[in-house]
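> structure for the following, please:
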Amino acid sequence: KWDDGGSSGLLIYNGGTVCDDHFDENAADAVCSLLGYDDGGSGWTSEGSWDIQDGYSITLDDVRCGNSSWFSCSFSESHNCGHREDVFLTCRTRQVEDSSEEVASLFGLVNNNGDQTEDGHGLILYNGGTVCDDRFNDYAADAICRKLGFAEAGEWTSGSNWEVQGSYSIALDEVTCNSGDWESCSFNTNNDCTHSEDVFLLAKVMQ
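Residues are numbered from 1 along each chain as shown. Alright, predicted model coming up:
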């Protein structure tokens, strides 16, 4: 979340600021990735000073990340900080550099009427068609949820649940992921599926 509406600003977690104790480049990259920005080349500082900081409580501390994935991070919601330690974050806009990134930008979720939904719950669409559950797993669900701007998948299911499914072609099959990062995934745009294998997602927002 950005107070200035751009790609740089005071980092807010659950309505409060984030303390810089143990915060590092891995943490900056992980948070930027969750916010839909590039997970490389992030920058951060705790040397900013805005009058508005005193209007917030401090809600996150001791953010430790083993790598640039949020799944590698631990944190504390109690703190021993002052606002002079608040984190200011700068994220790079994600650039489409390869076919993997381009494919990821084509994902979306729709409800039972076929309308786009942003609440993290719905039928997955890729390039206007459904996604088959062949080889689909929890890693694939997490990777797609992250590309859609959510923290991870709460759960995923498959089946012929909604009438609207029959109005789509099946556009993606054999999504195979080795981690919760889309870059670890392979896929096939041909399929041997029916709509009884269409994937539905329930994503988790960042708490």
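
> nearest residue to the middle of the chain?
Arg146 (2.5 Å; CA atoms, centre = their mean).

> need phi/psi at that one.
Dihedral pair for Arg146: phi -60, psi -40, per degrees, to the nearest 10.

> report the beta-bridge partners for the closest residue in space to Ser169 that isn't next to it in sequence.
In space, and not counting its chain neighbours, Ser169 is closest to Gly129: 4.3 Å by CB to CB, 6 or more residues apart in numbering. Just so you know, the C-beta spots here come from the backbone N, C-alpha and C atoms, and that holds for glycine as well. When assigned by DSSP bridges, Gly129 has beta-bridge partners Tyr126.

> Gly166 is in contact with Gly129, correct?
No. The criterion here is CB atoms under 8 Å, and Gly129 misses it with Gly166 at 12.0 Å.

> who's more crowded, these two?
Using other CB atoms under 10 Å as the criterion, Gly129 and Gly166 rank with Gly129 on top: 17 against 9.

> does the residue nearest to the centre of the chain really touch Glu183, like I thought?
No. Applying CB under 8 Å, one finds Arg146 not in contact with Glu183, separated by 10.7 Å.

> end to end on stretch 123-143, go ahead and measure it.
15 Å (CA to CA, to the nearest Å).

> if you could redo that for stretch 144-152, that was the one I meant.
8 Å.

> report the buried residues of it.
Along stretch 144-152, these residues count as buried under the neighbour rule (16 or more other CB atoms under 10 Å): 144-148, 150-152.

> over to stretch 14-25?
Buried residues in stretch 14-25 (16+ other CB under 10 Å): 16-21, 23.

> contacts only, for Asp61.
For Asp61, the contacting residues are 18-19, 21, 75-81, by CB atoms under 8 Å, 6 or more residues apart in numbering.

> looking at the buried residues of stretch 144-152, which are in strands?
Glu152 (DSSP state E).

> just the buried residues of stretch 144-152 now: which is nearest Thr45?
Thr45 lies nearest to Ala151 out of the buried residues of stretch 144-152, by CB to CB, at 24.5 Å.

> I'd say the closest one and Gly120 touch.
No. Under the criterion of CB under 8 Å, Ala151 is not in contact with Gly120, lying 9.3 Å apart.

> any common contacting residues for those two?
By CB under 8 Å, 6+ apart, the residues touching both Ala151 and Gly120 are 145, 203-205.

> from those, which shows the smallest pLDDT?
Lowest pLDDT within those is found at Val205 (71).

> my read: that one touches Gly120, true?
Yes. Val205 is in contact with Gly120 according to CB under 8 Å; the separation is 6.5 Å.

> overlap in contacts of the two?
Joint contacts of Val205 and Gly120 (CB under 8 Å, 6+ apart) are Phe150.

> find the nearest non-adjacent residue to Trp156, please.
Ala141 is the one closest to Trp156 (CB to CB, 6+ apart), at 4.2 Å.

> tell me which strands and helices the helix or strand hosting the one you found is in contact with?
Take DSSP states H and E as the rule and Ala141 turns out to sit in helix 138-147. Helix 138-147 sits against strand 152-158, strand 170-177, strand 185-188, strand 199-204, with contacts defined as 3 or more CB pairs under 8 Å, 6 or more residues apart in numbering; DSSP states H and E.
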